[in-house]
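Chemist: pasting a predicted model and its sequence here:
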Amino acid sequence: MTKARRTLNTYALVFAIIVFVAVLTWVVPGGVYERQVVDGREVVKADSFQRVPAKPQGPFAVLIAPVRGFADPSVALIVGFVLIVGGVFSVMTKTGAVEALIRSAAGAYRRHPLVEKLFIPVFMVLFSIAGATFGMSEEVIPFVLLFIPLALSLGYDSVTGVMIPFIGAGAGFAGAFMNPFTVGIAQGIAELPLFSGFVYRIVCWVVVTAVCTWFVARYARKIKADPKRSITYEADREKRAGLKLDPAEAGEKTNLRHKLVGLTLLLGLGVMIFGVLEYGWYIDKITAVFLGIGLAAGVVGGLRIDEFTDAFIQGAKDLVGTVLIIVLARGILYIAQDGRIIDSILQAMASAVQGAHPAISANGMFIVQSLINFFIPSGSAKAALTMPVMVPLADLTGISRQVAVLAYQFGDGFSNMIVPTSAITMTVLTSGGIPFEKWLKVVWRLQVVLFLTGFALLGAAVLFHWK
């Protein structure tokens, strides 16, 4: 008789990280950089680091950290976004449109071999473009909720449904050629022309997107050939049963209401993308758009008021666990900030890459940015914190400022796919019912390949004196 295999509880893992960071505040010396406001952004003065008395965080700080996560304004917006998006997709499912559209897509997939071959590459490239241009991040969550049932209907698993939008957008985010929230801010701090170095950034985007697309397509083929190899096999069996998708009905025509609901979603997403690109909309306005989508879908889908509200509440309730992960992850950052160890870690890492060969220093910056990403998952916040330090360091070590920006991009983008302190990463995983440690077992190979790719692209940029 074999024992049931235990898996690590994601909530316990994140809380354990809070405790670990609290322990670090008793070991790592305190330190701070001076800040100044430049063009409305708070940035670090490069040569201003100084030691300050440490502020070790005790048991009470550990317990209050998740509570403070609820009160954090940025986290509150993400929580509202998650709950409303969950409610909206539950409403759309209630109309029958999601099931009908999935059946239609599955039928086209089975009838046309070319559609099957292009399905993953086309959508991966589309999401990568979104990540590279307007920094698709929180916006990926509703697509995950849509692609999971679609992937299941096509013979893949929930992991594939998560990978296509999440890793697709992540590839574009890491290899971005004109993301205003990462490349734009970092180049502004580095005093470089906005979106300069465009040609080599396009090369990097193509390479990174190709690597990620290859990995996802390879994984999907493996799972389709042997579904039992999936880490979500048992859970996916229940999900497929819940979808009630009869293969004989694949390709069944959608009715007018279903088409109107689908059109409502497409129009809403179009409005969202336009607002982000044209007006710089943030998560509050994006959330408002999704709420509008839900209300309109309920009307055109023919739902009664009680059907709408019941479905919305159920969808929001299904994502309460996701909300808990978000606030726990934010608690980690509060412990590190209150303990005054983030700047000390930054200063130590920056010093470690000084004095080496430019190619080694560039890749050292990449590693440093990846490690800092554990504490500061936000790309724009990390640019404001690290680039004022990394830019003069690049000047001292003979690295061009373009290379320093690229090292920041890779360090921010690649590890975003796996850091448990990222609210977006944990939201995506919990939405797909994928335990964090199981996700790591799948994507660690991709991370190795991406890091090797990053090393090669940074090395080439140094050798060819990219400026």
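Modeler: Now that the structure is in, tell me what you want to look at.

Chemist: okay, and for this protein, where does confidence drop off?
Modeler: Counting by pLDDT under 70, the ranges of the chain that qualify are 1-10, 38-44, 46, 102-103, 105-110, 243-254, 349, 381, 384-385, 396.

Chemist: quick one, strands of it?
Modeler: For the chain, the strands defined by DSSP state E cover 31-32, 35-38, 41-44, 50-51.

Chemist: can you give me how far the first one is from the chain middle?
Modeler: The one in question is strand 31-32. Its chain's average C-alpha position is 29 Å from that of strand 31-32, according to Cα atoms, centre = their mean, to the nearest Å.

Chemist: just checking, what packs against it?
Modeler: Applying 3 or more Cβ pairs under 8 Å, 6 or more residues apart in numbering; DSSP states H and E, one finds that strand 31-32 contacts strand 50-51, helix 342-352. No exception for glycine: its C-beta is placed from N, CA and C like everyone else's.

Chemist: who wins for proximity to residue 439 among those?
Modeler: Residue 439 sits nearest to helix 342-352 of all the helices and strands packed on strand 31-32, at 25.2 Å, using Cβ to Cβ.

Chemist: dump the closest one to PDB, keeping only the CA atoms.
Modeler: Extracted as PDB, the C-alpha positions of helix 342-352 are listed here (Å, rounded to 0.1, in the frame of the first residue of the first chain):
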ATOM      1  CA  ILE A 342      15.900  46.000   1.000                       C
ATOM      2  CA  ASP A 343      18.500  48.800   0.400                       C
ATOM      3  CA  SER A 344      21.200  46.800   2.200                       C
ATOM      4  CA  ILE A 345      20.600  43.900  -0.100                       C
ATOM      5  CA  LEU A 346      20.600  46.100  -3.100                       C
ATOM      6  CA  GLN A 347      23.900  47.800  -2.100                       C
ATOM      7  CA  ALA A 348      25.600  44.400  -1.400                       C
ATOM      8  CA  MET A 349      24.500  43.000  -4.800                       C
ATOM      9  CA  ALA A 350      25.500  46.100  -6.700                       C
ATOM     10  CA  SER A 351      29.000  46.000  -5.100                       C
ATOM     11  CA  ALA A 352      29.400  42.400  -6.000                       C
END
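
Chemist: got the buried residues for that helix?
Modeler: Neighbour-count burial for helix 342-352 flags 342, 343, 344, 345, 346, 347, 349, 350 (criterion: 16 or more other Cβ atoms under 10 Å).

Chemist: which other residues reach it?
Modeler: 28-33, 44, 49, 336, 364, 368, 371-372, 375-376, 385-386, 389-390, 393 (Cβ atoms under 8 Å, 6 or more residues apart in numbering).

Chemist: now, of those residues, which are buried?
Modeler: Buried, going by 16+ other Cβ under 10 Å: 28, 30-33, 44, 49, 336, 364, 368, 372, 375-376, 385-386, 389-390, 393, out of the contacts of helix 342-352.

Chemist: and residue 447, what does it touch?
Modeler: 414, 415, 417, 418.

Chemist: who's in contact with the spatially closest residue to the third one that is not a sequence neighbour?
Modeler: Same thing as residue 417. Excluding the flanking residues, the one nearest residue 417 by Cβ to Cβ, 6 or more residues apart in numbering is residue 170, at 5.0 Å. Contacts for residue 170 were tallied using Cβ under 8 Å, 6+ apart; they are 131, 212, 413, 414, 416, 417.

Chemist: residue 442: which of the residues you listed is nearest?
Modeler: Nearest member of those to residue 442, counting by Cβ to Cβ, is residue 417, at 10.6 Å.

Chemist: correct me, but the closest one touches residue 169?
Modeler: No: assessed by Cβ atoms under 8 Å, residue 417 is found out of contact with residue 169, at 10.0 Å.

Chemist: looking at those two, which is more packed in?
Modeler: Set residue 417 next to residue 169 and count neighbours by other Cβ atoms under 10 Å: residue 169 wins out with 31 against 24.

Chemist: how close does the more buried one sit to residue 458?
Modeler: Distance of residue 169 to residue 458, computed by Cβ to Cβ, to the nearest Å: 22 Å.

Chemist: then residue 197?
Modeler: As judged by Cβ to Cβ, residue 197 and residue 458 stand 13 Å apart.

Chemist: and what of residue 15?
Modeler: From residue 15 to residue 458 the distance is 35 Å (Cβ to Cβ).

Chemist: how many residues are close by the residue nearest to residue 193 when sequence neighbours are not counted?
Modeler: Excluding its sequence neighbours, the residue lying closest to residue 193 (Cβ to Cβ, 6+ apart) is residue 187, at 7.3 Å. Counted by other Cβ under 10 Å, the residues lying close to residue 187 total 23.

Chemist: pretty sure residue 187 is touching residue 201, no?
Modeler: No: Residue 187 is beyond contact range of residue 201, at 10.4 Å (criterion: Cβ under 8 Å).

Chemist: contacting residues for the residue lying closest to residue 62 once chain neighbours are set aside?
Modeler: Of all residues not flanking residue 62 in the chain, residue 22 sits nearest, at 5.1 Å (Cβ to Cβ, 6+ apart). Listed by Cβ under 8 Å, 6+ apart, the contact partners of residue 22 are 56, 57, 58, 61, 62, 335, 339.

Chemist: and the nearest residue to the first one once chain neighbours are set aside, what are its phi and psi?
Modeler: With Cβ to Cβ, 6+ apart as the criterion, residue 56 has its nearest non-adjacent residue at 4.4 Å, and that residue is residue 26. Summarising the backbone geometry of residue 26 under the convention degrees, to the nearest 10, its torsions are phi -90, psi -10.

Chemist: wait, what's in contact with residue 26?
Modeler: Residues counted as contacts of residue 26 (Cβ under 8 Å, 6+ apart) are 54, 56, 57.

Chemist: which of those residues tops the neighbour count?
Modeler: Result: residue 57 is most packed of these (other Cβ under 10 Å), 26 neighbours.

Chemist: how close does that one sit to residue 452?
Modeler: In terms of Cβ to Cβ, residue 57 sits 36 Å off from residue 452.

Chemist: measure stretch 148-168 end to end?
Modeler: 14 Å (Cα to Cα, to the nearest Å).

Chemist: where do the helices of the stretch 201-350 of the chain begin and end?
Modeler: Along the stretch 201-350 of the chain, counting by DSSP state H, counting those that start in this stretch, helices occupy 233-243, 256-279, 283-300, 305-317, 320-338, 342-352.

Chemist: any idea which of those helices is most buried?
Modeler: Among these, ranked by average contacts under mean count of other Cβ atoms under 10 Å, first place goes to helix 320-338 (a mean of 22).

Chemist: against which helices or strands is that one packed?
Modeler: Counting contacts by 3+ Cβ pairs under 8 Å, 6+ apart, helix 320-338 is packed against helix 10-24, helix 59-71, helix 73-94, helix 358-375, helix 423-431.

Chemist: mind listing what's buried along the shortest one?
Modeler: By neighbour count, and taking 16+ other Cβ under 10 Å as the criterion, the buried residues in helix 423-431 are 423, 424, 425, 426, 427, 428, 429, 430, 431.
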